Each structure stands twice: as C-alpha cells, then as structure tokens.
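> Provided below are the primary sequence and the corresponding predicted coordinates.
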Amino acid sequence: MTHQERSSASALAWAAIALITLGAAALRLVHIGKVSPDPFYDAAVRSMGLSWHNFFFGAFEPGGSVSIDKPPVDLWLQVASVKLLGFSSTTLKLPEAFAGIAAVPLLFAAVRRMWGTPAGLAAAVGLAVLPVEVITSRSDTMDGVMMALIVLALWLIVRACETGRYTWLLAGAAALGVAFDVKLLESLVAVPGLALLTYLGLPGSHRRRLLQMMAAGAVYVVVALAWLTATLLFPAHDRPYAIGSTNGSAWNAAFVFNGTDRLGGKSPEPQFTVYMPGHRYPEATQSERDHIPIVPPSATRLLARIGPLSGERLGLELLVALLLGIPALICGLRAKPVPRMRKAVAAGLSLWTLTGIALFSDMARLHPRYVEGFVPAVAALLGIGVAWAGSRRSRARLIALIVALVASVYYVERLLYGRPGVWWITLAGALGAISFAALARVGPPADGRRSGWLAGATITMTLVAVLALPLSADVTAIDNAVTDAGYVGALPSEEQRALSAYLRAHQGSARYELAAESATQIGSLIVQDPRPVLILTTYGARVFTSVAELQRQIANGEVRYAFLSTFCGRHASLSSTNAACSEPVRWIRAHGTDVSQAAGLSHGGVLWLLPGAKP
C-alpha cells in the first residue's frame with residue numbers, strides 16, 4: 001500500500017469513528033433530561049456547591065455533618081456542570097454522558113493499535129450501542145466516568161508497550177488510580193488484565209519490566225489513595241461522618257461498606273418482584289422487566305433472558321465476543337515468533353474478561369452499572385473477533401463465524417420470546433455475513449480490492465446481526481427513560497411540595513430544616529431546598545444524634561421538626577437495623593406532636609413537631 005493509500009485509509013477510518021461517536025452521542029443525550037435523577041447523589045451535588053468544605057468531603061447535606069459513601073471525585077464534575085449550566089436533571093448527567101461518548105473513540109484508538117483498524121471500528125460500534133453502557137451513561141451515577149478512565153488507561157498502556165516510554169506507563173497507572181477514586185473496588189475488575197497486558201507488552205528484560213511495573217504500581221496506589229489520605233489531614237471533628245461506615249471513616253466506607261460487604265457480606269437488596277426460572281415474561285413492559293431482580297448467581301447469569309441485566313443489554317455481545325474473540329486471540333498466537341503485543345493482548349484481554357465473568361456471575365449484590373469496569377473488555381474482544389472472522393479466506397474463520405451467528409439468531413429468538421421484526425433483521429444480517437464470507441473463498445486470492453470489499457461487507461453484516469437487538473433495546477430504554485440510578489431519598493412530588501411549604505412557613509430561626517430519621521430518606525428535599533438537616537441515624541440504624549444531643553438542639557432553637565417516614569414493629573428491639581426503632585426516633589414518637597395533617601401530608605405520623613419546640 002502506497003503512502004497516499006495509507007493516508008486515505010486512515011482518513012476514512014477517522015471519518016468512520018467520527019460518525020460512530022456521533023451515534024454514541026445521540027444514544028446518550030437524546031431525551032436525557034427525562035431520565036429520573038438519583039436523589040442521593042443529587043443531594044450531595046447540591047450540598048457540595050455551597051462551600052469548599054462540603055465540596056472536598058462530598059457532604060450529603062448542606063450542614064456537612066455526613067458525607068456520601070465514596071470519594072466525591074465524580075461529583076466534583078457534576079458540581080462544575082451545574083455551576084456552569086445551572087442545576088437541572090440534564091446538567092447533573094452531562095459528565096456521565098460525555099464520559100460514555102469519549103470512551104468510544106478512545107477504545108477505537110486502543111484496539112486499533114492492538115489489532116488493526118477494522119477491529120478498532122467494530123469495538124467502537126460495540127461499545128457505542130451496548131445497552132447496559134448506554135443506560136448507565138444516561139443515569140445519574142459515576143460508573144460511566146470510571147469506565148472512560150479505564151479505557152483511557154488501556155490506551156495509555158498500549159502506547160507504553162508500543163514505544164517503551166516510561167511516561168505513558170505512569171500516566172496509565174495514574175488514570176487507573178483516578179478510576180479507583182471514582183468508584184473504588186469496582187474499577188479493580190480491569191486491573192489484573194491490564195497488569196498482565198503491561199508486563200507481557202513492555203519491551204526489555206524481565207527485570208526491567210518488573211521495575212517499571214513496581215514504579216507504576218506505586219503511582220497507582222498514591223493516586224488511588226490520594227483523597228482518602230487527604231481526609232486524614234483534617235481533625236476528626238471537621239470530617240463528615242461517611243454514610244455506610246461503622247465508625248465514620250471514609251476508609252471504612254471505601255473498603256468495608258463498598259468492598260467486602262458488596263462481595264458477599266450484604267444480602268441482596270429487597271425486591272417486590274421475584275424472578276421465577278422458566279417463567280415467560282413476553283408481555284411485560286420494559287418498566288416491569290426492570291423491576292424483576294437480576295437472576296441469582298450462576299454460571300449463566302450474564303446470559304439471562306429477563307431482568308435489568310438481561311441478554312438484550314449485555315449477554316448477546318458477550319456471547320459473540322467469546323465465540324469469536326477467543327478463537328481470534330488464540331490464532332493470533334500461532335505466528336512464529338509470536339509478536340509481543342499479540343501475546344500481551346491475548347493474555348490481558350482474556351484475563352480481564354474472565355475476571356469480569358467470574359465476579360459478576362457470583363456476586364451476591366449486583367447492579368447493572370457495576371459491570372462498567374468489564375464492558376470495555378467485552379467490546380474490545382467483540383471487535384477483535386468480528387474483524388478476525390471476516391478479514392481473511394479461512395475455513396476455520398468461516399466455521400467460527402457460522403457458529404457464532406447461528407447462536408446469535410437462536411439466542412435473539414429466545415430473548416424476544418418469538419420472531420418480531422428485530423429477529424428478522426438479525427437473521428438477515430447473519431445470512432448476509434455468511435454469504436459474503438463464503439464469496440470471499442471463491443475467486444482469485446490475489447484480488448486485494450475484491451477481498452477488502454468482501455471483508456468489509458462481512459464485518460458490517462456481522463455487526464448488523466449482533467447489534468440489531470442491542471440497538472433496539474437502546475431505543476426502548478430511551479423511550480421509557482430507563483435509568484440504572486437508585487431512588488434512595490425520593491419523596492412523592494406533591495408530598496415534598498407540601499412539606500417544604502409548611503416548613504418554610506413555620507421554620508422561624510431554626511438552623512435545620514428538620515431532623516431526618518435516616519441519612520438517606522430526604523435526598524430530594526435537600527435537592528429542592530438546600531438547607532441543613534439534622535441526621536438522627538446513619539446506615540444500619542446506627543444512632544448519629546443521641547436523644548440528649550437532640551434535646552440540646554431543640555432547647556437552642558436549632559431544630560423544630562422531624563420527618564419520620566417508616567414505622568417500628570411492635571416487638572422490635574433497639575438493636576434493630578430499622579431506623580424507626582432507634583432510640584431518638586422512638587423518643588420523638590413518644591413525646592412529639594404529629595403535625596402531618598396540618599402540613600397537608602396524605603399520611604399521619606410523618607411530620608412531627610419536636611418535644612419542647614414552640615408551635
């Protein structure tokens with residue numbers, strides 16, 4: 001290929017990735033304002049914008065008494081967004097959406113260097129339309145930013161392996177460290193695979209590579225623990241109590257509440273719908289399907305037919321990535337000698353993928369957004385596999401392609417409980433890909449232009465077959481404003497307006513808008529009114545404000561009302577994990593005055609005038 005031809009091909013590749021990125025942007029930004037916000041994190045964003053103290057610690061409520069359970073690095077981006085563009089449902093989600101968009105060309109750049117331009121383009125398309133990623137990027141959570149940082153780290157590490165330059169490697173380690181700061185242990189899914197890719201891909205002797213990796217590891221640890229360490233520079237009384245921790249420490253919240261407890265220490269969150277194996281759910285609406293919990297841990301969990309992490313949203317791309325990507329990586333090792341980067345990519349991507357499959361198939365407490373640390377590996381493996389299967393005249397590649405596409409057609413029929421229009425598109429794409437691949441085996445092998453055209457057509461039709469259903473799932477998710485964020489602290493809008501209006505009218509000079517039964521129950525009220533809240537209990541009903549302290553605050557005129565939204569069973573004890581059974585809440589119910597009806601609330605026993613406070 002001449003220099004002019006190479007330049008032309010490169011320009012076409014970048015034009016293609018620009019179009020793919022534009023498509024990714026459309027999927028992540030169209031009607032994003034209709035997606036429900038997350039009251040828990042949005043309350044923190046509102047509070048963090050009020051002072052530098054709150055900003056640094058990730059304060060949950062404006063008074064800065066408690067903080068969120070994670071480092072606030074991602075929320076810093078959200079604070080910047082709302083400060084620049086105004087506080088709204090859309091501006092809160094823009095950092096996540098733009099992170100998901102940026103990850104697409106970044107993954108292309110990384111995979112292109114690992115396996116060539118066709119693989120890079122296919123990987124970018126796979127990531128652009130992967131429904132679990134699209135939904136997460138449209139949601140008010142921090143997982144999309146973490147994923148983009150992991151893809152950035154992958155690209156930097158690949159550059160380090162190509163050039164042998166130390167700075168690329170340290171930059172990649174730093175990017176992984178920031179990913180940890182964003183979503184803690186969730187980011188570690190990618191670390192073993194990336195570490196193996198680094199060791200095998202770096203040039204030089206074993207000793208030199210080990211020394212470089214030790215230095216990169218030190219950079220990773222320093223960056224990853226930078227915020228947690230910085231919190232220790234402040235006196236204990238200046239540090240907010242980290243929600244979820246057992247002792248108020250951000251370290252405890254990071255490594256226990258968001259670490260060991262996530263893997264198995266906690267029971268799964270309660271659900272109103274119970275998954276029934278073998279039951280048919282074809283008539284269920286998307287909202288109803290999303291409320292069916294993720295199936296229990298099993299080897300086939302990520303291929304489930306139903307639920308918020310169904311095959312439509314992840315399993316189909318994962319299945320084809322394995323059926324085509326693994327043979328592609330194995331065949332890449334057949335050359336003698338094996339190119340250093342091919343060996344590194346095969347080992348690193350395989351370990352990354354297997355780590356994700358093993359973890360998320362067995363994890364007791366799983367949300368769809370948790371797989372964000374895994375999806376770049378799935379998309380990269382898919383791109384490599386599709387490009388490998390469609391690029392050359394090979395019987396083995398043709399057989400692998402046929403097996404993967406037949407499996408896809410069958411799996412799509414199972415996921416859709418029949419053969420609607422999307423299934424027929426999948427079938428047409430599969431037949432087209434197999435036909436073009438078969439045509440490539442006929443005719444003169446020396447005809448490079450014909451071979452290139454047929455390879456491109458095979459890859460394109462394969463992507464149509466594999467991605468028709470995911471793209472359809474994206475459109476459905478956009479139409480239904482599906483979110484993967486939580487609703488912790490969300491109050492009914494009419495009740496919240498009545499509550500806020502009553503408190504403003506009767507607040508007097510009290511510092512706190514109210515006392516809250518638990519740290520997370522009134523997030524949406526904080527978003528609306530940004531006023532300090534006196535927290536009575538934190539996670540697990542641990543008492544945060546004792547009865548004696550509450551009485552002192554009442555006597556000083558600091559707080560006048562309490563919001564108690566749950567009830568304690570008749571036989572419950574003070575050791576119960578129900579906040580309504582805690583000592584301060586019981587004291588309020590025993591001695592306070594129920595003013596719920598006067599405030600215009602639909603239920604009694606919710607808003608209380610505190611004992612000793614003037615009406």
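Noted; the coordinates are in hand.

> same for the lengthiest helix in the chain, what does it pack against?
What stands out as the longest helix in the chain, according to DSSP state H, is helix 448-479. Applying 3 or more Cβ pairs under 8 Å, 6 or more residues apart in numbering; DSSP states H and E, we find helix 448-479 packed against helix 117-129, helix 131-137, helix 316-320, helix 375-391, helix 395-416, helix 421-439. Using the backbone N, CA and C atoms, a C-beta is placed for each residue, glycine as well.

> distance between the ends of stretch 528-537?
Counting by Cα to Cα, to the nearest Å, you get 22 Å between the two ends of stretch 528-537.

> out of the helices and strands packed on helix 448-479, which is closest to Arg165?
Distance to Arg165, taken as Cβ to Cβ, is lowest for helix 117-129 among these, at 21.3 Å.

> what are the buried residues along the helix or strand hosting Ala347?
Ala347 is located in helix 340-362, with elements delineated by DSSP states H and E. In terms of neighbour count (16 or more other Cβ atoms under 10 Å), helix 340-362 has its buried residues at 341-353, 355-357, 359-360.

> now do stretch 55-64
Going by neighbour count (16+ other Cβ under 10 Å), the buried part of stretch 55-64 is 55-64.

> turn those residues into TSV, including distance to Pro235 and pLDDT.
Formatted as TSV, the buried residues of stretch 55-64 follow (distance: Cβ to Cβ, whole Å; pLDDT from 0 to 100):
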residue	distance to Pro235	pLDDT
Phe55	18	97
Phe56	14	97
Phe57	13	96
Gly58	18	96
Ala59	16	96
Phe60	20	95
Glu61	20	95
Pro62	21	95
Gly63	17	94
Gly64	14	94
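
> now, among those, which is nearest to Ala516?
Looking across those and measuring by Cβ to Cβ, the closest to Ala516 is Glu61, at 8.2 Å.

> list the contacts for the closest one?
Glu61 makes contacts with 43, 47, 519, 526, 532-533, 535, as judged by Cβ atoms under 8 Å, 6 or more residues apart in numbering.

> just the buried members of the residues you listed?
In the contacts of Glu61, the ones that pass as buried (16+ other Cβ under 10 Å) are 43, 47, 519, 526, 532-533, 535.

> residue ranges in this protein under the pLDDT threshold?
Across the chain, residues meeting the criterion (pLDDT under 70) sit at 1-6, 263-291, 443-448, 450, 570-576, 614-615.

> mind listing the strands for it?
Assigned by DSSP state E, the chain shows strands spanning 66-67, 241-242, 514-516, 533-535, 537-538, 542-543, 561-563, 593-594, 607-609.

> can you tell me which of the ones you listed is most buried?
strand 66-67 (a mean of 28; mean count of other Cβ atoms under 10 Å).

> for that strand, packing partners?
strand 241-242.

> including distance to Leu398, could the strands of the chain go into JSON lines?
Output for the strands of the chain, formatted as JSON lines (distance: least, Cβ to Cβ, whole Å):
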{"stretch": "strand 66-67", "distance to Leu398": "57"}
{"stretch": "strand 241-242", "distance to Leu398": "56"}
{"stretch": "strand 514-516", "distance to Leu398": "64"}
{"stretch": "strand 533-535", "distance to Leu398": "64"}
{"stretch": "strand 537-538", "distance to Leu398": "60"}
{"stretch": "strand 542-543", "distance to Leu398": "62"}
{"stretch": "strand 561-563", "distance to Leu398": "66"}
{"stretch": "strand 593-594", "distance to Leu398": "74"}
{"stretch": "strand 607-609", "distance to Leu398": "70"}
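
> check contacts around His437.
Wrong residue type there; residue 437 is Ala, not His. With Cβ under 8 Å, 6+ apart, Ala437 has these contacts: 389-390, 397-398, 401, 454, 458.

> top of those residues by neighbour count?
Counting neighbours by other Cβ atoms under 10 Å, Ala389 leads the contacts of Ala437 with 31 neighbours.

> that residue and Leu324, how far apart?
Noted for Ala389: a distance of 5 Å to Leu324, by Cβ to Cβ, to the nearest Å.

> now do the shared contacts for the two.
Common neighbours of Ala389 and Leu324 (Cβ under 8 Å, 6+ apart) are 400-401, 404.

> from those residues, pick the one nearest Ile150.
Ala404 (26.0 Å).

> the closest one contacts Leu324, correct?
Yes. Between Ala404 and Leu324 a contact is recorded at 5.1 Å, counting by Cβ atoms under 8 Å.

> between those two, what contacts are shared?
385, 389.

> quick check on those two: which one has the bigger neighbour count.
Leu324 (29 against 26).

> ok, and the closest non-adjacent residue to the more buried one?
Residue nearest to Leu324 in three dimensions, not counting chain neighbours: Gly385, with 2.8 Å by Cβ to Cβ, 6 or more residues apart in numbering.

> which residues touch the residue nearest to Ala437 when sequence neighbours are not counted?
Distances taken as Cβ to Cβ, 6+ apart place Thr458 nearest to Ala437, at 4.7 Å, with adjacent residues excluded. Taking Cβ under 8 Å, 6+ apart, we find Thr458 in contact with 389-390, 401, 433, 436-437, 440.
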